[in-house]
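> My questions are about this predicted structure, shown below with the sequence.
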Amino acid sequence: MEVGDDHEAAGFPEAIHAVQTDWGLLVRIKPVLTANSKYLLTGSGNSIKVFSTTSGSLLEERCYHDAQVVGVISSKTKKDQFISCDENGLVCFWSHQDRKSLEKFTLYTKEDKKFRIASLPFCGKGGELFIVTQEEKQQKGQLRKYFYPYKPKKFVIISKDVPLEPNKIAVSVSGDHVAYVYPEALYVVGGHTRRRHTVGTRYLTCVTFHPSQDALATGDITGRILIWYEIKSPKPTKMELHWHYLPVADLAFSVTGNELYSGGEENVLVKWQLSEEKRSFLPRLGMHIRFVVTDITNTYIVTAQKDNAFSIISAKKYKAEGVIQGLAMNTDNAEPFPAGIAYDPFTRAVVLNGRTGHVQFYDLHHGKQLFHLDITMSNYYSRERYQKIYNTDVEKLAVSPDGCWLATVEYRDDHQSSMELRLKFWNFKKEDQIWYLNTSIEMPHDKYINGITFQPTPTPGKTSLCITCGEDDKFKIWKEIDNSDIYGKKSCWNCCGVGSYRHFPATAVSISPDGSLIAAGFGSILTFWLPTTCQLKGTLSQPYLSERIKQIEFGRGKDSGSLIVTRTKNWVCAWDLFMCTLSWRVSICSTCLAADPLSSYMAVFSESCDVFVFEPRSSELVSWQNNIDVSPAVSAVFVPHLKKSDLKPLWNEQSALIYINKNQMLKMLEVNVDLSSAKDTIAGRVKQLVQDTEAPVAPTPFAALVSQTCMSHSENKTSQSDLAAFGDQVEKSAIFIQEVLNEARVYRLDSFAHLTLEFCKRIIPEAVNSEEKQENEDLDAKLKVREEFQRKTQKKIFKRKRKDLQRVTDSDFSDLMSVLAI
């Protein structure tokens, strides 16, 4: 693609930047509950988010930091005060209820830039802060203790080799002892003593202190929990608790210390009643538990899961009462969001992978998840200790243009047993506001399915066609059919067509906007088929384009309707369906391609985190931006704006470009337009509109030929008779061309020879009879002149007679009457 030196070379005084539309990663650090247990606070990116524990909604966002927040804890010196710290060393003391109460301290100087803050474990009753710092390229941290007033050099080093993970280091309630774990040993530091307790090969994973006793608890990779009593002694007493089969992720005591809560990869929260030696279980808490947090009122327990969610659990009822769900993330799949992103026009939400076996509907405009839909309808299987368990997951999805149908492909292959592959069609009932499973098809293809799509604009009164393609060298057409019986009116989806080409794998598929043509990629070859008969209409390929086609998008609009764009790993190509040739190609290592359904614009993302906006008719860029993100995009989609803005550039005027990156962050591209040039931009558009109205651009080669012929003929100043004859020819031929192009798409027209024959038949008779027609027109003109002359003559005679009659009526006949009387 042709890239200029700056954005103005591309035609816009704009700068594109990515804006995060979701809540971000919520479970990176331990959350904290307020004193009244009504609110949950957690660090996300550069801000602190405050959630309601009853409704689960985001109440406010505190933006005190310019760097990533690494810790949020409650203060022991003031009630309702919290402390947050970022990795650059800025510490903020703030109140949840009073926004004006804010204190800031900087713990780093310019000389300390080689250090970063890793975590903020604890705040003592005297206001002392325990901070874990990390030096560049070091795998271990340094535990520092800062004293009030906090200054960069006012600290003591407690330990120089502590772990960086927040659940592997703990501070006692009094602040006198610090414990941290490495795989092979537990370290307890108090005063000037440091004790090391080895555990052999059952490596430790987490540690926490008892709130009132001289004790702590640790978990290990075998699922065992050890409670260490009398930790100040060289040989503390240990008590073993064991239920977990997989490593224990985190531990938390209740405020009284009578209960211990543990969680791990089993997705189960276990409550250990230490005094009674009983245990209780709360299963199916989403995905793997990463953190466990309790409050000081013994009202709630909060678990943080790896799918970016918090479960709010009643401590008394021991029952889940709510979920705070961000953008759900799947940690099992090596490729994040394998199904990509689709847009649901009914809910105005994007649809993408959720937790394993689910899809989620995420509302971009309000920044929250609407709901989860369980696709596989099976329990999640945790991994075994020495073996990975494969769960069935959603690999592909598509939403119909009206939002009434959802097609999903679920897949499972453990390379030992039979492969599982299902195609499901879900119907949304507006009355119930629920998705219902309509059709489930086992093994729709013999091998992995590479793509699925719906017809963009269905025929009125009919459901869109659905096309799938797979590694079994076939694409299949699916259609909704009537399946009514005596019990009521029903429908189901059935395969109504199959296509294959040279035993090549079908790698991508797309349908033209009007549903009249299917484009399927077989390896590196682009093929075209009629959906009604599955008849092959043609193929397009180039010898130097040997990579597998990954995406296909039909062009839209008057200038791009006959073009189709394909994406491979290293090429983006535009093909002209009218000329059956390659229009242009650009070498770019791309990750995804998106087409705007409301305009002719498309966007492609590169592996180097660049975005390029273009129209298929030209390889010249409409807009572009380098280094749009730190992580490359994996899928993108255009989403219609709720309100149209005239200040946005043309490509961003009707739809917003949404993408998901490899870090599982959902972002939207926004454009900063130079407002000073807004009037010039509007004036330019008006001027262009006037030019387009006065001299419309020829949309087809035929129309261009006619336009050029008209111009050249007028310049030659031919006689009036020749001009009339030629104008009549042009008018008739233009009408014929317009009729042909309106009745069929350019890629479905008859042969050029046949069109030429019909074209000549329309023009030649008119050319032969043009002289006679001109004579008739001259005769008609003479007759009109004669009729006009006769009309004027008759009018003059009538006026003369009327004048004579008036003279007679005005005369005096008294003398004549007297004579006659005699």
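Nice, I can see it. Numbering: from 1, shown residues only.

> Spit out the contact partners of the closest residue to residue 68 other than its chain neighbours.
Leaving out its chain neighbours, the residue that sits closest to residue 68 by Cβ to Cβ, 6 or more residues apart in numbering is residue 87, at 5.2 Å. The C-beta positions use only the backbone N, C-alpha and C, and glycine is treated the same way. Residue 87 sits next to 67-68, 70, 116-118 when contact means Cβ atoms under 8 Å, 6 or more residues apart in numbering.

> Please indicate which of those are buried?
In terms of neighbour count (16 or more other Cβ atoms under 10 Å), the buried residues within the contacts of residue 87 are 68, 70, 116-118.

> Quickly name whichever of the residues you listed is closest to residue 443.
Proximity of the buried ones among the contacts of residue 87 to residue 443 (Cβ to Cβ) peaks at residue 68, which lies at 46.4 Å.

> from memory that closest one sits against residue 48, does it?
No. The criterion here is Cβ atoms under 8 Å, and residue 68 misses it with residue 48 at 11.6 Å.

> So of the contacts of residue 87, which two are at opposite extremes in space?
67 and 118 (12.6 Å).

> Grab the nearest non-local neighbour of residue 127.
Closest to residue 127 by Cβ to Cβ, 6+ apart is residue 148, at 4.2 Å.

> Shouldn't the one you found be within a strand?
No. Going by DSSP: H, G, I helix; E, B strand; the rest coil, the assignment for residue 148 is coil, not a strand.

> residues contacting it?
So, once contact is read as Cβ under 8 Å, 6+ apart, residue 148 ends up touching 126-128.

> now do residue 314
If you count contacts by Cβ under 8 Å, 6+ apart, then residue 314 has 299-300, 320-321 around it.

> Could you single out the nearest of these to residue 612?
Closest to residue 612, out of all of the contacts of residue 314 and judged by Cβ to Cβ, is residue 320, at 45.8 Å.

> just to revisit the earlier point, of the contacts of residue 148, which is the most crowded?
residue 128 (19 neighbours; other Cβ atoms under 10 Å).

> isn't that one right up against residue 175?
Yes. The criterion here is Cβ under 8 Å, and residue 128 meets it with residue 175 at 6.6 Å.

> which outside residues touch stretch 272-287?
Outside stretch 272-287, the residues that touch it by Cβ under 8 Å, 6+ apart are 225, 227, 241, 243, 257-263, 266-271, 303, 305-307, 309, 311, 313, 318-320, 323, 331, 355-356, 379-380.

> roughly how far apart are the residue nearest to residue 127 and residue 122?
Separation of residue 148 from residue 122 (Cβ to Cβ, to the nearest Å) stands at 14 Å.

> again, but for residue 96
19 Å.

> ditto for residue 434
Going from residue 434 to residue 122 by Cβ to Cβ gives 47 Å.

> higher neighbour count, these two?
Each of residue 434 and residue 122 has its neighbours counted (other Cβ under 10 Å); residue 122 has more, 22 against 12.

> What about the buried ones among the contacts of residue 87, which are in helices?
In helices, defined here by DSSP state H, there are no members of these.

> pLDDT and distance to residue 548 added to those residues, as TSV?
Shown next, in TSV, are the buried ones among the contacts of residue 87 (pLDDT from 0 to 100; distance: Cβ to Cβ, whole Å):
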residue	pLDDT	distance to residue 548
68	94	39
70	95	43
116	90	42
117	92	46
118	94	43
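
> Now that we have the contacts of stretch 272-287, which of them are buried?
Buried among the contacts of stretch 272-287 by 16+ other Cβ under 10 Å: 225, 227, 241, 243, 259-263, 266-271, 303, 305-307, 309, 311, 313, 320, 355-356, 380.

> Tell me where this protein is predicted with low confidence.
Residue ranges of the chain with pLDDT under 70: 1-14, 646, 673-773, 805, 808-822.

> In terms of residue numbering, what are the domains of it?
Recorded structural domains for the chain (assignment: automatic domain parsing) are 329-380+391-590, 698-768, 774-821.

> hey, what's residue 135 bridged with?
residue 115 (DSSP bridges).

> which residues does it contact?
So residue 135 contacts 114-115, 142 (Cβ under 8 Å, 6+ apart).

> Tell me how far it lies from residue 396.
From residue 135 to residue 396 the distance is 45 Å (Cβ to Cβ).

> what does the helix or strand containing residue 304 contact?
Using DSSP states H and E, residue 304 falls within strand 300-305. Residues from elsewhere that reach strand 300-305 (Cβ under 8 Å, 6+ apart): 26-27, 30-31, 33, 37, 40, 53, 252, 261, 263, 267, 269, 285-295, 310-315, 321.

> Using ChimeraX, define a selection of the buried residues within those residues.
Applying 16+ other Cβ under 10 Å to these leaves a buried subset, and the ChimeraX line that selects it is:
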select :26,27,30,31,33,37,40,53,252,261,263,267,269,285,286,287,288,289,290,291,292,293,294,295,310,311,312,313,315
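
> thinking again about what came up before, identify the neighbouring strands of the strand holding residue 304 in the sheet and state each direction.
strand 289-294 (antiparallel), strand 309-314 (antiparallel).

> Send me that strand as CSV with only the CA atoms.
Extracted C-alpha coordinates of strand 300-305, given in CSV (Å, rounded to 0.1, in the frame of the first residue of the first chain):
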residue,chain,number,x,y,z
TYR,A,300,-18.2,-11.7,52.0
ILE,A,301,-15.4,-13.9,50.5
VAL,A,302,-14.2,-12.8,47.1
THR,A,303,-12.4,-15.0,44.7
ALA,A,304,-10.6,-13.7,41.6
GLN,A,305,-10.7,-16.1,38.7
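
> helices or strands up against whichever strand or helix holds residue 779?
Per DSSP H and E: residue 779 is located in helix 770-810. The contact analysis (3 or more Cβ pairs under 8 Å, 6 or more residues apart in numbering; DSSP states H and E) places helix 770-810 against helix 720-743.

> Does residue 671 belong to a helix, a strand or coil?
strand.

> Count residues in the vicinity of it, would you?
21.

> Check the offset of the strand holding residue 304 from the chain's centre.
Averaging C-alpha positions (Cα atoms, centre = their mean, to the nearest Å) puts strand 300-305 29 Å from its chain's average.

> got it, and stretch 435-443?
With Cα atoms, centre = their mean, you get 25 Å for stretch 435-443.

> Direction included, what does the helix or strand containing residue 572 pair against?
Element membership for residue 572, per DSSP H and E: strand 571-576. The strands beside strand 571-576 in its sheet (DSSP bridges) come out as strand 563-567 (antiparallel), strand 581-587 (antiparallel).

> send the alpha carbons of it over as PDB?
Presented in PDB, the C-alpha positions along strand 571-576 are these (Å, rounded to 0.1, in the frame of the first residue of the first chain):
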ATOM      1  CA  TRP A 571       0.000 -10.300   0.900                       C
ATOM      2  CA  VAL A 572      -3.200  -8.300   0.600                       C
ATOM      3  CA  CYS A 573      -4.700  -8.500  -2.900                       C
ATOM      4  CA  ALA A 574      -7.600  -6.900  -4.700                       C
ATOM      5  CA  TRP A 575      -9.100  -8.800  -7.700                       C
ATOM      6  CA  ASP A 576     -11.300  -7.300 -10.400                       C
END
